[in-house]
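Asks: Starting from these lines, generate the structure:
(chains A and B)
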There are 2 protein chains.
Amino acid sequence: MKIEGVLIVDPIDGEYIGNVYIEDGKITDVELSDKKTSFILMPGFIDIHTHGAVGVDFLKSKDWKKVENFFYSQGVTTFFPTSVSTSPEEMKGFLESADEKRMYAHLEGPYISLDKKGAQNPKYIKEATLSEVKELLKHNSLKTITLAPEVNDPKIIEELEKKGVRVSLGHSNAKYSETMEAYRAGSRRITHFPNALRSLHHREIGITGAGLLEDFYLELISDGVHVSKEMIRLIYKIKGCDRIILITDSISATGLEDGEYELGGLKVFVNDGIARLENGTLAGSTLTFSKALKNFKKFTNCNLKCLSKVSSYNAATHMKLHGKGRISKEFDADLVILDQGLSVIEVYKNGEKIFQNS
Amino acid sequence: MKIEGVLIVDPIDGEYIGNVYIEDGKITDVELSDKKTSFILMPGFIDIHTHGAVGVDFLKSKDWKKVENFFYSQGVTTFFPTSVSTSPEEMKGFLESADEKRMYAHLEGPYISLDKKGAQNPKYIKEATLSEVKELLKHNSLKTITLAPEVNDPKIIEELEKKGVRVSLGHSNAKYSETMEAYRAGSRRITHFPNALRSLHHREIGITGAGLLEDFYLELISDGVHVSKEMIRLIYKIKGCDRIILITDSISATGLEDGEYELGGLKVFVNDGIARLENGTLAGSTLTFSKALKNFKKFTNCNLKCLSKVSSYNAATHMKLHGKGRISKEFDADLVILDQGLSVIEVYKNGEKIFQNS
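Replies: Take a look at the predicted model:
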């Protein structure tokens, strides 16, 4: 198969008009073209932090197929179903589902800080034990976990990282020194920065300051609500294109009407697309990846090469997803075709067309 | 006169070993040398924010000569006596003293925010009126004023800037939009960043976020107390060498023992060199410029060229002090010789030796 005459955007090689050859789900060749085009080809988007969409909560429902199709329509070819703090049984069931479906799972909690619980259910929040972690490690799907460094032994982080599970710091009141202890233990990411984190103070810059100053990847909800436009500009100014990972943090209400939903056993009210608990705390988002990309471009005025980094390459690199995040020989043919306004036109996964905007 | 075989550090030309020729208080030539040297020659330091030292408070005492000699010993060849919020009479007396002595004056207040008064006396804090400002503008010494944008009409800022008085934003609870209104009115500096400012929030980045994001010069108290080492590293990472201005914010206790002092009619207690009001609020500093320079170098590991920017060139550029802040033909021969540890060895002002470390 051949995708002809598109503006290829690769996070390393940059932008050029070309053709892409695909065989057996892989990119077999790319070549330059001298055609004019109004279509953009980027690596399929990777969303490492989503709790669900179109009525499906990954913790509560097994019908992940439905949400899959929705994500494809947004250009997302790889996504990490993400839990919230819940009972050990439900967490186990969630991981088993992900194991069966051969998907990557993200556990957001329960090893987080009560002080920074955000919209997570305090009932389930606790400190990790090594034996619990060893149980979790039996699940092949477990790819990443969000925990608060100040409430857990750094040995937990070391153990997880050693076994290939990326530890992201989040829902945390950690000081700078506590954050850096986790860094030395192997953690290199911060969850939905800077939401649910100890805020920056000029005499204790805390985990927010550490995220800006040190070599962490930062998950970013680019909706202009969780993080203001100016804050996104500031994060971009400081971190550049190489350390930002766009996420949606989407909940089951995403792609549906305003109304009443649930997250981790807590009621969530969605008004004008903004999801909050009854007390006003933001509770995930209803952001789509496509919209996140458009917002980030609008807020920062970055170039397409940068967009391909924040939408796939950085996530693939950090998560060690070999074969993903580039448009280059031998990479997976996970591709999204966009128009000039960055709207999704066609999506391919392993060389198969899985979405066509009609 | 000739200063021979020193490592010349110029903020534009960088570092090179050379000789400097001086006549009539000016640098008449610089030339390369092939000598080895262990001495560093930098433009004399400029401190645009100091309330006094060695027992002298610029508001309370007319014996500015005493403090002058102390500053010279720290490598400071130009300093701006700085007031705090006080009565109109005392402010007038202060400006008259500065007029007489042909010095540059900095008014820190009284047009600041009560919410962010820091160690300033609330009794004197108020909104500026155009007629008051016109009275102030009669003083030739008035070179800069710190005010809070959210409590003053932007027209006040425009008027001051039009007349050559640089407006610095400080002691302020301003939101991002209020800060940018002041920017558009001509303000380009923020006072002792980020002390006594609305703090950064990810949904309202405020004046602190605006300082980091936009093209403001930032005054910085590099003592590791007002601003932590990590915060200084972060500010340096974001702003670089070109928009940081080191200041001491020193008070009369500087260069003296711990004990009880006064600032703007408020009691100040100095313990271990840290000056606080009775309620614990930081009240200026006892930092010397020489120490500020050493700290900044230690915290950021910047090069000498960068140090010459943050210690003189940026202040000279921002304040339009023609002839200051460089080691180059036709510039004033305001110079400081340092050893490898950045300790002050000799100081020259207008070509005259005004300090010799014996």
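Asks: Touching stretch A:263-277 from outside, list them.
Replies: Taking contacts as C-beta atoms under 8 Å, 6 or more residues apart in numbering or on different chains, the residues outside stretch A:263-277 that touch it are A:51, A:57, A:59, A:84-86, A:119-121, A:123-124, A:225, A:251-253, A:258-262, A:278, A:282-286. Every C-beta, even on glycine, is put in place using the N, C-alpha and C of the backbone.
Asks: Then stretch A:344-358?
Replies: Taking C-beta under 8 Å, 6+ apart as the criterion, the residues outside stretch A:344-358 that touch it are A:1, A:3, A:22-26, A:39, A:44, A:69, A:72-75, A:77, A:290, A:332-339, A:343.
Asks: Would you mind writing the ChimeraX command to select the buried ones in those?
Replies: Applying 16 or more other C-beta atoms under 10 Å in any protein chain shown to the contacts of stretch A:344-358 leaves a buried subset, and the ChimeraX line that selects it is:
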select /A:3,22,39,44,72,73,74,75,77,290,332,333,334,335,336,337,338
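Asks: Okay, and which of the contacts of stretch A:344-358 map to helices?
Replies: For these, membership in helices holds for A:69, A:72-73, A:290, with DSSP state H as the criterion.
Asks: Out of these, the closest to residue A:97 would be?
Replies: Ranked by distance to residue A:97 (C-beta to C-beta), the ones in helices among the contacts of stretch A:344-358 are led by residue A:69 at 17.1 Å.
Asks: The helix-or-strand element of chain A with minimal mean pLDDT: what's the following helix or strand?
Replies: The helix or strand with the lowest mean pLDDT-type score in chain A, counting by mean pLDDT, DSSP states H and E, is strand A:259-263 (a mean of 91). Remark: after strand A:259-263, the chain's next helix or strand is strand A:266-271, criterion DSSP states H and E.
Asks: what lines up beside that following strand in the sheet?
Replies: Strands that pair with strand A:266-271, judged by DSSP bridges, come out as strand A:259-263 (antiparallel), strand A:274-276 (antiparallel).
Asks: Would you mark the buried spots in the first one?
Replies: Okay, so that is strand A:259-263. By neighbour count, with 16+ other C-beta under 10 Å as the criterion, the buried positions of strand A:259-263 are A:261, A:263.
Asks: can you give me the offset of stretch A:183-196 from its chain's centre?
Replies: Distance, stretch centre to chain centre, for stretch A:183-196: 13 Å (C-alpha atoms, centre = their mean, to the nearest Å).
Asks: what about that stretch, start to end distance?
Replies: When the termini of stretch A:183-196 are compared using C-alpha to C-alpha, to the nearest Å, they are 19 Å apart.
Asks: same question, stretch A:249-258
Replies: Separation of the first and last residues of stretch A:249-258 by C-alpha to C-alpha is 17 Å.
Asks: Report the buried residues of it.
Replies: Counting neighbours by 16+ other C-beta under 10 Å, one finds that the buried residues in stretch A:249-258 are A:249-255.
Asks: who's in contact with it?
Replies: Counting by C-beta under 8 Å, 6+ apart, stretch A:249-258 makes contact with A:47, A:49-57, A:60, A:70, A:82, A:192, A:219, A:221, A:226, A:248, A:259, A:261-263, A:268, A:270-273, A:275, A:283-288, all of which sit outside it.
Asks: and the stretch 101-250 of chain A, which residues reach chain B?
Replies: Along the stretch 101-250 of chain A, the residues adjacent to chain B under the rule C-beta under 8 Å from any C-beta of the partner chain are A:176, A:194-195, A:199-205, A:209-210, A:212-213, A:225-228, A:230-231, A:233-234, A:237-238.
Asks: just the buried members of those?
Replies: Using 16+ other C-beta under 10 Å, the buried members of these are A:176, A:194-195, A:199-202, A:205, A:209-210, A:212-213, A:225-228, A:230-231, A:233-234, A:238.
Asks: Got the confidence number for the nearest residue to residue A:49 once chain neighbours are set aside?
Replies: Spatial nearest neighbour of residue A:49, excluding adjacent residues (C-beta to C-beta, 6 or more residues apart in numbering or on different chains): residue A:247 at 3.8 Å. According to the prediction, residue A:247 has pLDDT 98.
Asks: thought residue A:247 was touching residue A:45?
Replies: No: shown here, residue A:247 and residue A:45 do not form a contact pair, counting by C-beta atoms under 8 Å, at 10.3 Å.
Asks: Against chain B, how distant is the closest residue to residue A:1 other than its chain neighbours?
Replies: Among residues not flanking residue A:1 along the chain, residue A:22 sits closest, at 4.4 Å (C-beta to C-beta, 6+ apart). Distance, residue A:22 to chain B, by C-beta to the nearest C-beta, to the nearest Å: 41 Å.
Asks: what's across from residue A:22 in the sheet?
Replies: Beta-bridge pairing of residue A:22 under DSSP bridges involves residue A:27.
Asks: How about the contacts made by it?
Replies: Counting by C-beta under 8 Å, 6+ apart, residue A:22 makes contact with A:1-3, A:28, A:333, A:348, A:351.
Asks: which of these sit farthest apart?
Replies: Greatest spatial distance among those (C-beta to C-beta): A:28 and A:348, at 13.8 Å.
Asks: Kindly give the local confidence score, pLDDT, for the residue nearest to residue A:251 when sequence neighbours are not counted.
Replies: Distances taken as C-beta to C-beta, 6+ apart put residue A:284 closest to residue A:251, at 3.8 Å, once the chain neighbours are dropped. For residue A:284, the model assigns a pLDDT of 92.
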